[in-house]
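Student: Mind looking at a prediction? Sequence and model below.
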Amino acid sequence: MASNADSTKPLQKPISNRQRKQLERQAERNRELAAQRQATTRTPFREAELAFLARLPPPDYSKALNFRLPREELLQKNPKVKIVPITKKLDQISPLFGLRSDTATATAAAAGTVNERVEEVVENEWDSSLSEYAYMHDDHPGLIYIPAGFTPSAQKELIRNCLAKYSRHPNKSNLDTHYIVPDEGVWQLHEKVFKGETTLEDPSVFVQKRAKVDDQAAGYGSDDDSDDEDNNNSKDKHGPPDAKKHKESNGQAAPAPKSATEAVSKPSSIRTLVPIIAGSPTVPDGVPKADLGPSATVPILPPSQLFRKMRWITLGYQYHWPSKTYHFDQNAPFPSELCELSKGVVEAIEGIGGYSYPSKDFVAEAGVINYYQLKDRLMGHVDRSELNKTAPLVSFSFGHSCIYLLGGPDRETAPTPILLQSGDILVMTGPCRAAFHGVPRIIEDTLPSYLQKHEQEPGWDICADYLAEARINLNIRQVFPPGQATPSQA
Ligand SMILES: O=C(O)CCC(=O)C(=O)O
Ligand SMILES: [Fe+2]
């Protein structure tokens, strides 16, 4: 021990300029070697992540597979893509996918927004015929993709639910670790302020933290709170915080690195919980981890900003992120509409792609809703906690588009970047269920205009404001082999 301490002491003898220069050159060479070593050990999956994470220069999104391209162009650019009609049309299975026997006009009417502008917008941005086909890829057996599976009005209904309904107790969210989230829900507090039913002068709209600043056990927070308030501000933890301070605190997650190099030298601190379930090298599989304690340094925020800190909620069997297992004794009622929709997707693709799962056996038992701000990302992982490894995982995307990297059984397989857009349905089944995947990039300026603010639909404004900087992903899994779970439908 002593010798270690001694070695950190400054050199007693002053060094000459020549020696200093030599040492500097040596240090520079060491840095170069370390960088080279790092570059050569990067896996193809990591390379692809870095390419899409980089801000400067911006990534080339045209390299991503876009299933919504006109069929000829799609097949010409991607000869490995296969297209087959789905087994049963979505609107014949459930009206919750939206009515598409209709034209764009009927869709707009269903949304209560019939007027020329909206008709035009819907017609340009949403093509109902796309969802009559399942798209596959030779390199990814078990991937089944249905573009534009939800009509604009059906998307809005689900988005509203993700924001207002599913984000509340008994479903758990990342916020529960650090905040005493009221059963009423953070979104509802935000709505009250938004509608002018109360103001930020009202202390009860500020959700309190679990840990006190002087709590010695605390201070082990989620590291996406790098814009946390300082301790001075936390002193006032029982009253509403200084409004000016909170205007300045933008409530955003830490920015993504500006370049691939920065991404390497400063690994993302965002959404660290997700790589943990994925069995990333930092948390080896099978090593149980303690629960994260509440952090005393998280900020107290107005509800609109606190809701932007929402990263995930879990549905059905609640997930224990540190140990990567489900709490079989914590089974929140699964929203019946999501049971219907996920089973409906399995029915729509039954018999397709060689890894078909009988829809009668499919039961939605667990789900995750991922709430992404524009600069968030989800690093590569495999979802392998479910006991039933053959049931498909059904995933719905809303809001901004993203780059979804779909790899193979390990990080050595170069992934295919897919442009995942609002209303698209992605199913992972067969070998694809065990494939590495991740979301390195949410793409700015890709919110469809039917999800933006429209004068004709003021009730949508609060959701449009949130979506202006967000993407929402809802994914649903069957945890048990058929017949083994306790039913939990709401
Ligand atoms: O956001 C997505 O599309 C993917 C989410 C995901 O992979 C997960 O929650 O495990
Ligand atoms: Fe996943």
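Tutor: Happy to help now that I have it. Numbering: from 1, shown residues only. Ligands and ions are numbered 1, 2, ... in the order given.
Student: Give me every residue in the stretch 301-450 of the chain lying close to ligand 1.
Tutor: Selection of the stretch 301-450 of the chain residues close to ligand 1 by CB under 6 Å from any ligand atom yields 368, 370, 378, 383, 395, 397, 404, 437, 439. Heads up, the C-betas are built off the backbone N, CA and C, glycines and all.
Student: avg pLDDT for whatever helix or strand Ile159 lives in?
Tutor: Using DSSP states H and E, Ile159 sits in helix 152-160. If you average the pLDDT over helix 152-160, you get 97.
Student: now swap in stretch 81-101 and tell me
Tutor: The model assigns stretch 81-101 a mean pLDDT of 93.
Student: Other residues contacting that stretch?
Tutor: 65, 67, 71, 74-75, 106-107, 110, 128, 131-138, 146, 149-155, 157, 337, 340-341, 344-345, 347-352 (CB atoms under 8 Å, 6 or more residues apart in numbering).
Student: List only those of these flagged as buried.
Tutor: Buried by 16 or more other CB atoms under 10 Å: 65, 67, 74, 106-107, 110, 128, 131, 133-137, 146, 149-155, 157, 340-341, 344-345, 347-350, 352, out of these.
Student: Just those: which are in strands?
Tutor: Members of the buried ones among the contacts of stretch 81-101 lying in strands (criterion: DSSP state E): 133-137, 146.
Student: which residue does the stretch 51-200 of the chain bring closest to ligand 1?
Tutor: Tyr145 (11.9 Å; CB to the nearest ligand atom).
Student: what about the residue lying closest to that residue once chain neighbours are set aside, distance to Val81?
Tutor: If the residues on either side of it in the chain are set aside, Tyr145 comes closest to Tyr135, at 4.3 Å by CB to CB, 6 or more residues apart in numbering. Counting by CB to CB, to the nearest Å, the gap from Tyr135 to Val81 is 6 Å.
Student: Which of the helices or strands spans the residue of the stretch 351-490 of the chain found nearest ligand 1?
Tutor: Residue of the stretch 351-490 of the chain nearest ligand 1, by CB to the nearest ligand atom: Asn473 (3.3 Å). Using DSSP H and E, Asn473 maps to strand 470-477.
Student: Report the mean per-residue pLDDT for that strand.
Tutor: The pLDDT scores in strand 470-477 average 98.
Student: about what we covered before: read off the pLDDT value for the residue of the stretch 51-200 of the chain closest to ligand 1.
Tutor: What the model reports for Tyr145 is a pLDDT of 98.
Student: for Thr41, same thing?
Tutor: Thr41 is assigned 78 on the pLDDT scale.
Student: repeat for Gly354
Tutor: At Gly354, the predicted lDDT confidence score is 94.
Student: and if you look at the one 3 residues further on?
Tutor: The confidence metric pLDDT takes the value 97 at Tyr357.
Student: sec struct for it, please.
Tutor: Put simply, Tyr357 is coil when judged by DSSP: H, G, I helix; E, B strand; the rest coil.
Student: still on that earlier bit, give the closest residue to the residue of the stretch 351-490 of the chain closest to ligand 1 in space, chain neighbours not counted.
Tutor: Asn370 (4.3 Å).
Student: That neighbour bridge partners, please.
Tutor: Bridge pairing for Asn370 (DSSP bridges) gives the partners Trp312, Asn473.
Student: Ile472 is in contact with that one, correct?
Tutor: Yes - the pair Asn370 / Ile472 is scored as a contact, 7.1 Å apart, by CB atoms under 8 Å.
Student: Close to ligand 1: what parts of the stretch 151-300 of the chain are there?
Tutor: Checking the stretch 151-300 of the chain against ligand 1 by CB under 6 Å from any ligand atom, there are no hits.
Student: follow-up on the earlier one: next one: the residue nearest to Tyr145 from Lys212, what distance?
Tutor: Using CB to CB, Tyr135 is found at 53 Å from Lys212.
Student: what's around the residue of the stretch 351-490 of the chain closest to ligand 1, how many residues?
Tutor: 22 (other CB atoms under 10 Å).
Student: ditto for Leu56
Tutor: Neighbour count of Leu56, defined by other CB under 10 Å: 9.
Student: how much space between Asp410 and Asn171?
Tutor: Asp410 sits 32 Å away from Asn171, taking CB to CB as the criterion.
Student: Between those two, which is the more surrounded one?
Tutor: The neighbour count for Asp410 versus Asn171, taken as other CB under 10 Å, is higher for Asn171 (22 against 12).
Student: So what pairs up with the residue of the stretch 51-200 of the chain closest to ligand 1 in the strands?
Tutor: The partner residues for Tyr145, given DSSP bridges, come to Tyr135, Leu426.
Student: which residues does it contact?
Tutor: Listed by CB under 8 Å, 6+ apart, the contact set of Tyr145 reads 67, 134-136, 418, 424-427.
Student: With distance to Pro57 added, can I get those in a markdown table?
Tutor: Formatted as a markdown table, the contacts of Tyr145 follow (distance: CB to CB, whole Å):
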| residue | distance to Pro57 |
| --- | --- |
| Phe67 | 26 |
| Ala134 | 35 |
| Tyr135 | 30 |
| Met136 | 32 |
| Ile418 | 21 |
| Asp424 | 27 |
| Ile425 | 32 |
| Leu426 | 28 |
| Val427 | 34 |
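Student: Low-confidence ranges, the stretch 201-350 of the chain, go.
Tutor: By pLDDT under 70, the low-scoring segments of the stretch 201-350 of the chain are 213-292.
Student: neighbours around Lys343, how many?
Tutor: For Lys343, the count of nearby residues is 21 (other CB under 10 Å).
Student: how near is it to Cys402?
Tutor: From Lys343 across to Cys402, the span is 25 Å (CB to CB).
Student: mind listing what the residue nearest to the spatial centre of the chain touches?
Tutor: Of all residues in the chain, the one closest to the mean position by CA atoms, centre = their mean is Asn370, 3.6 Å from it. By CB under 8 Å, 6+ apart, Asn370 lies in contact with 311-312, 378, 439, 472-475.
Student: Repeat the analysis, applying 10 Å as the threshold.
Tutor: With contacts defined as CB atoms under 10 Å, 6 or more residues apart in numbering, Asn370 is in contact with 162, 271, 274, 310-313, 376, 378, 395, 397, 439, 471-475.
Student: next one: Lys77
Tutor: By CB under 10 Å, 6+ apart, Lys77 lies in contact with 62, 65-66, 69.
Student: Repeat that for Leu426.
Tutor: Contacts of Leu426 by CB under 10 Å, 6+ apart are 67, 135, 143-147, 149, 345, 393-397, 404, 406, 418, 420, 432, 437, 473, 475.
Student: a helix runs through Tyr372, doesn't it?
Tutor: No - secondary structure of Tyr372 (three-state DSSP): strand, not part of a helix.
Student: Can you show me the strands along this protein?
Tutor: 81-85, 133-137, 143-146, 172-173, 312-320, 325-331, 366-373, 378-381, 393-399, 402-406, 416-420, 425-428, 437-442, 470-477.
Student: Kind regards, and thank you for your time.
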